[in-house]
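Novice: Have a look; sequence and predicted model below, questions after that.
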Amino acid sequence: MKLVIENLNGERSGQPIFSSLNFSLEEGQALVVTGSNGSGKSTLLRVIAGLLNASDGSVLLIDSGQDEGVSPPHEYMHYLGHQNALKLALSVEENLNFWQEFCGIPLIGISEALVKVGLPGIEHLPAAYLSAGQKRRVSIAKLLVSYKPIWVVDEPTSALDKASEVLFAKLIEEHLSSGGMVIAATHQSLGIDSDNNEQIKTLNLDKNRLSSKEQLVD
Amino acid sequence: MKLVIENLNGERSGQPIFSSLNFSLEEGQALVVTGSNGSGKSTLLRVIAGLLNASDGSVLLIDSGQDEGVSPPHEYMHYLGHQNALKLALSVEENLNFWQEFCGIPLIGISEALVKVGLPGIEHLPAAYLSAGQKRRVSIAKLLVSYKPIWVVDEPTSALDKASEVLFAKLIEEHLSSGGMVIAATHQSLGIDSDNNEQIKTLNLDKNRLSSKEQLVD
Amino acid sequence: MTDVTTKSVGFWAWFWDLANPTRFLAVASWLIPVLAIITVTLLGIGLYLGFSAPQDYQQGATVQIMFIHVPSSWIAMMCYSVMSVSALGSLVWRHPLADVSIRAAAPIGAAFTFLALLTGSLWGKPMWGTWWVWDARLTSVLILFIIYMGLIALSRAIEEPITAARSLAIITLIGFINIPIIKFSVNWWNTLHQPASVSRLAKPAMDVVFLYPLLTMALAYTTLFFTLHLMAMRNEILRRRIRSMRMSAARRIDTQSASQGN
Amino acid sequence: MFGDHAAFIIPAYAVSILVILLLIIWLRIQYSNRQKELLILEQSGVKRRAAKTQGENSGK
Amino acid sequence: MMSLLLRDMRLAFRVGGGALTGILFFLVVVTIVPFAVGPDLNLLSKIGPAILWIAALLASLLGLDRLFQQDREDGTLDVIIIQSHSLTAIVFIKCLSHWLANGLPLILATPIFGLFMNMEPLAIAAVLATLIVGTPAITFIGAVGAAATVSLPRGGLLLAVLILPLVIPVLIFGVSATYGAIQDPAPFTSPFLILCALTLFFSVLGPITAGWMLAQSTD
Amino acid sequence: MMSLLLRDMRLAFRVGGGALTGILFFLVVVTIVPFAVGPDLNLLSKIGPAILWIAALLASLLGLDRLFQQDREDGTLDVIIIQSHSLTAIVFIKCLSHWLANGLPLILATPIFGLFMNMEPLAIAAVLATLIVGTPAITFIGAVGAAATVSLPRGGLLLAVLILPLVIPVLIFGVSATYGAIQDPAPFTSPFLILCALTLFFSVLGPITAGWMLAQSTD
Ligand code: HEM
Ligand SMILES: Nc1ncnc2c1ncn2[C@@H]1O[C@H](COP(=O)(O)OP(=O)(O)OP(=O)(O)O)[C@@H](O)[C@H]1O
Ligand SMILES: Nc1ncnc2c1ncn2[C@@H]1O[C@H](COP(=O)(O)OP(=O)(O)OP(=O)(O)O)[C@@H](O)[C@H]1O
Ligand SMILES: [Mg+2]
Ligand SMILES: [Mg+2]
């Protein structure tokens, strides 16, 4: 599987935000999008996830062996935005259960996922009772309970403490090493660059061009 | 002016979160509250701001010269929580204007404040059109447009880029040097420890005890 | 004089002691069976007396409905009074059992109000020729029912016990104005419904063949109410205990994992 | 026994008994559910707070 | 899909917005009418069907504007849009669960309210039938308004303006079918059939339009 | 305080659909009732005042549940609570702006609807007067319900149920003052004065209670 982005242009209410982006991600590769506030990270992620229309260009997901893109690519993605997409009135378990069933392809159990994000045993708490960082961690657990090859995550580590950041970096590495792809917008480093250098590309939107430690398919 | 916190205990729906906190802040001093997710930082800040009842203990603001506490202390505070308290349907200017008038004691003009947070010229945009970090910066501008001696800020730098973090650190220093006080909960350093060492106390809630680089009133 | 005060101090001390849930559960565990036995006995006597009563010359056999209609109506009002006193206790004295009491009583009160409405309607059809009229007594009981349901919905909707307690107590107190309206509506407005004929202290305007079974049934319903209320309070206390155990479990694990992480 | 009013008296008694019985059953079921949950919690090693005397449902 | 239905219904029943309160609200409206028009049983039984229809309309409109808004505010809508093949189906399911949780319990309680209004059994049956057939149309129409509100940050006013001309025909045919069943000269079958047709029509058109608007709404 | 009033009104006209939704709902009710009661103009003008009062009552309840909720969700309520001496004053101002934006336009539209209902000029004037005096009371009472349900995602219906026992007296006196003005034996002045008294009473008690509850609601 391969995600190919060709000549992508994004705009917000008529204003061009980024233009002519070209890159591609193979299985096991990650793209880290950086840039100052308002540089268009979230806009790019939303265009890739199909939540905003590109003003030009295309996002293609190409299955190995096939020639044409799978359509629509966003059905193969998990999207985690600035919001957590949790219902505060429901318990943590009910929330995760819903997302597991709704997204299909269940992967691991709810309690197992909660252990992985460092919150074992909170299944029965209503989501309203969690602290900001705990909520964020539950919404990360959402990515784990059902399988999608591509994770599109927008500042996933906001509100997380140091220990959880490390946990999350490990989760991303696991996902990559199992053949997934990750596109992350972030202000902090994700804490994985050093280990897995080859596979991490970075895109700085302030310069609106692609720079990476390895050569890119362009 | 002096903020004295004596034997403060906080709870969430019957569960004790922290107990017997004692510290005091003089003019020009700041308290940085750290701790892992769910350790009770937000709870502490909300108790100090009078949004939650303490289960025991007291928060006193003592005016220089006087003996008794000014009451209620929270009228001397700006509170910036996890939420931005902006109305998305109104423009940035309308939002800030409202807060300036509502809080009283106007300090600097709206456009001046926006320059200070690095967003000059966005007065007329509806708040809905801002990126996550830009919204946060507007809500920081809220602290600047009217004067309150004490700032109680909960993860103020979440969603901010590196440059804005530096800007914000400068704003805090200015506020401190003009005799204000700051209580901040944060996972990252605020970027001011090194410069202004003596005046910054830290409180790690994971250990639920006060540790500081200078000796504390206890 | 002194005797009385020490006694009442003793009572208050005991009453506050009940605030300890463990103590309350212990008391409830023997009080509930005792009350249940008394209730069954009284119900047996009341039903026997009731069914052996002669037919009323005016109302015929439908007077039988009175033996369940009037007690249900009384309990419906008494239950609300209990809740209002509890609401005061919660707001003024902050007695911890008071919130529990309000929340536990609401469904029971709703059930008895429903029975009052239903038996009243079943009595009204033969007596007045219609199931329902919009007279003051009937309407105010209907409003009582709505208030009960509203309180139930509110207490279910707010999960957090402390916030829920405040709202519940206030709204309960607001709704209390309805109780005197129910009680005195028949005197204030000229309506179809029967004015008080039992509770006129000096001389009840009712024959003893009807009065005795009615009073016995009323007593039985009262003990029934308290039995049910105690059971419901016990459930509510356990529910809160479980809730706080779950929360502390979550927190404990959380702090553990945090300290491991560091 | 009830004359021509049986159609009203019998439903009145029947529904009263039914509602009260349902109430009792509902309370019993709640009770045993709570007991079961407590048992599970205690088996999984959760203990109640030491400060039992203050009461976990204190109205503060 | 099923999971969405279940979750929405669970939310409706959990937070006190659902069945119970819908019925209660109905009861409130029915209770205050005699206070206003007076306890004249004849008059009440005459305007009864209209009151019941208005109360049902109101109860189904209340809360409808938040059909998508809450999901949007907490980020759920984004994920739902990404994960699903067809937004039309999503809207349809959401309407269905809204109707099941808010409309249906209320309709099932109509007979009791009919007794309060001193209505004939026939009139009660007629109201019941027309409500069951008619109220889904209101939900489907409302969904379009709700989607419009979500997509336009300043579209609140639009909701009402948009759906009003569509809702009024439903109401008119509903009420006139009811009276057709009771009063002799007026026909029952034809307005009732038109009502069915309206519901079918909007159950297709509503979700398609609303789904399309939702897809445009993300920003 | 003034700034809060202005901001709330601005928001109401900008996003809320406040003003217009109320009027539109009013319009729906007034359109439907003639269908229900048939072309009997006499009956229509007889129940006209009652219908207008019910419609106004329901319309003023429409958006009331969101009085504090939105402010709570975006964090505004926290800051408002911290910054203000008196929550009572805050609640009062918020009620006032809600009434100005939602209640008043609707009342000003009454004369037109009165004509639809075939009402006499005198009756229309009476409805107008009693509505102006009476509807603020409903808003103030509703504020208590809104504060009680502030943390509930869909408090709307519940709100209406909770405040019912307080709203009914307002309705009773409002309607009876109106009929007092039209029909001869019935008095106008005394129910009208009681209505004024109710409004004054609730304009004090409502904000105090609601303010107290809001202060308790933060978590
Ligand atoms: C749905 C209809 C009815 C409702 C909601 C209703 C409600 C009540 C209430 C609340 C009471 C207690 C009042 C008090 O203690 O002051 C009561 C008492 C009573 N009701 Fe009804 N009632 C209804 C129909 C009827 C009918 C049809 C009859 C008989 C013709 C009836 C006969 C009585 C009698 C005899 C009492 C006892 C009065 C006394 O001695 O204090 N009720 N009812
Ligand atoms: N509204 C609430 N009701 C009940 N319990 C809560 C509530 N909010 C938080 N808690 C609990 O209180 C504890 C402290 O939460 P708090 O929000 O103060 O943490 P925090 O230090 O701010 O964490 P974070 O870094 O994630 O923001 C947590 O264990 C949380 O589960
Ligand atoms: N809903 C919107 N409507 C119109 N313009 C918008 C909208 N959201 C964002 N913008 C504008 O688009 C630009 C890019 O915003 P975007 O949210 O993509 O930034 P970002 O890189 O994610 O910033 P941050 O780091 O603050 O999250 C910004 O200049 C912003 O003003
Ligand atoms: Mg962003
Ligand atoms: Mg926090």
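Specialist: That came in fine, so what should we check first? Ligands and ions are numbered 1, 2, ... in the order given.

Novice: Next, work out how far apart E:S190 and E:A147 are.
Specialist: As defined by C-beta to C-beta, to the nearest Å, E:S190 lies at a distance of 32 Å from E:A147. To be clear about C-beta, it is placed using only N, CA and C from the backbone, and glycine gets the same treatment.

Novice: quick check: longest helix of chain A.
Specialist: For chain A, the helix that runs over the most residues, judged by DSSP state H, is helix A:162-177.

Novice: Tell me the residue of the stretch 51-200 of chain C that sits nearest ligand 2?
Specialist: Per C-beta to the nearest ligand atom, the residue of the stretch 51-200 of chain C with the smallest distance to ligand 2 is C:E160, at 6.3 Å.

Novice: Give me the more crowded residue out of E:S190 and E:A147.
Specialist: Between E:S190 and E:A147, counting by other C-beta atoms under 10 Å in any protein chain shown, E:A147 is the more crowded of the two (28 against 12).

Novice: What are the boundaries of the helices in chain A?
Specialist: Read by DSSP H, chain A holds these helices, from start to end of the chain: A:41-48, A:92-103, A:110-116, A:132-145, A:162-177.

Novice: Please identify which of these is closest to chain B.
Specialist: Distances from chain B to each of those were compared by C-beta to the nearest C-beta, and the smallest falls on helix A:132-145, at 3.0 Å.

Novice: can you pull the buried residues of the longest helix of chain A?
Specialist: Applying a neighbour-count criterion of 16 or more other C-beta atoms under 10 Å in any protein chain shown, one finds A:162-165, A:167-169, A:171-173, A:175-176 buried in helix A:162-177.

Novice: for stretch E:121-139, same thing?
Specialist: By 16+ other C-beta under 10 Å, the buried positions in stretch E:121-139 come out as E:123-131, E:133-139.

Novice: again with stretch A:149-158
Specialist: A:149-158.

Novice: Also stretch E:99-116?
Specialist: In terms of neighbour count (16+ other C-beta under 10 Å), stretch E:99-116 has its buried residues at E:99-107, E:109-110, E:112-114, E:116.

Novice: follow-up on the earlier one: before we move on, could you check phi and psi at the residue lying closest to the residue of the stretch 51-200 of chain C closest to ligand 2 once chain neighbours are set aside?
Specialist: Once its chain neighbours are removed from consideration, C:E160 has its nearest residue in B:S13; the separation is 5.6 Å (C-beta to C-beta, 6 or more residues apart in numbering or on different chains). Dihedral angles of B:S13 (phi, psi; degrees, to the nearest 10) stand at phi 40, psi 50.

Novice: Distance check, B:S13 against C:S244.
Specialist: From B:S13 over to C:S244 the distance is 8 Å, taken as C-beta to C-beta.

Novice: Reformat the helices of chain A into CSV and put distance to C:L43 next to each item.
Specialist: Below are the helices of chain A laid out as CSV (distance: least, C-beta to C-beta, whole Å):
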stretch, distance to C:L43
helix A:41-48, 68
helix A:92-103, 42
helix A:110-116, 48
helix A:132-145, 52
helix A:162-177, 61
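
Novice: Identify whichever of the ones you listed lies nearest to chain E.
Specialist: The closest of these to chain E is helix A:92-103. By C-beta to the nearest C-beta, the value is 3.5 Å.

Novice: Now do that closest one: which elements does it pack against?
Specialist: helix A:110-116, helix A:132-145, helix E:2-14, helix E:76-83 (3 or more C-beta pairs under 8 Å, 6 or more residues apart in numbering or on different chains; DSSP states H and E).

Novice: Export the longest helix of chain A to PDB, keeping only CA atoms.
Specialist: This file holds the C-alpha atoms of helix A:162-177, laid out as PDB (Å, rounded to 0.1, in the frame of the first residue of the first chain):
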ATOM      1  CA  LYS A 162       6.000  13.200  29.400                       C
ATOM      2  CA  ALA A 163       5.400   9.600  30.300                       C
ATOM      3  CA  SER A 164       2.500   9.400  28.000                       C
ATOM      4  CA  GLU A 165       4.400  11.000  25.200                       C
ATOM      5  CA  VAL A 166       6.900   8.200  25.400                       C
ATOM      6  CA  LEU A 167       4.000   5.700  25.400                       C
ATOM      7  CA  PHE A 168       2.500   7.300  22.300                       C
ATOM      8  CA  ALA A 169       5.900   7.300  20.500                       C
ATOM      9  CA  LYS A 170       6.100   3.500  21.200                       C
ATOM     10  CA  LEU A 171       2.500   3.000  19.800                       C
ATOM     11  CA  ILE A 172       3.400   4.800  16.600                       C
ATOM     12  CA  GLU A 173       6.500   2.700  16.200                       C
ATOM     13  CA  GLU A 174       4.500  -0.400  16.700                       C
ATOM     14  CA  HIS A 175       2.000   0.700  14.100                       C
ATOM     15  CA  LEU A 176       4.800   1.600  11.600                       C
ATOM     16  CA  SER A 177       6.600  -1.700  12.100                       C
END
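
Novice: Much appreciated, bye for now.
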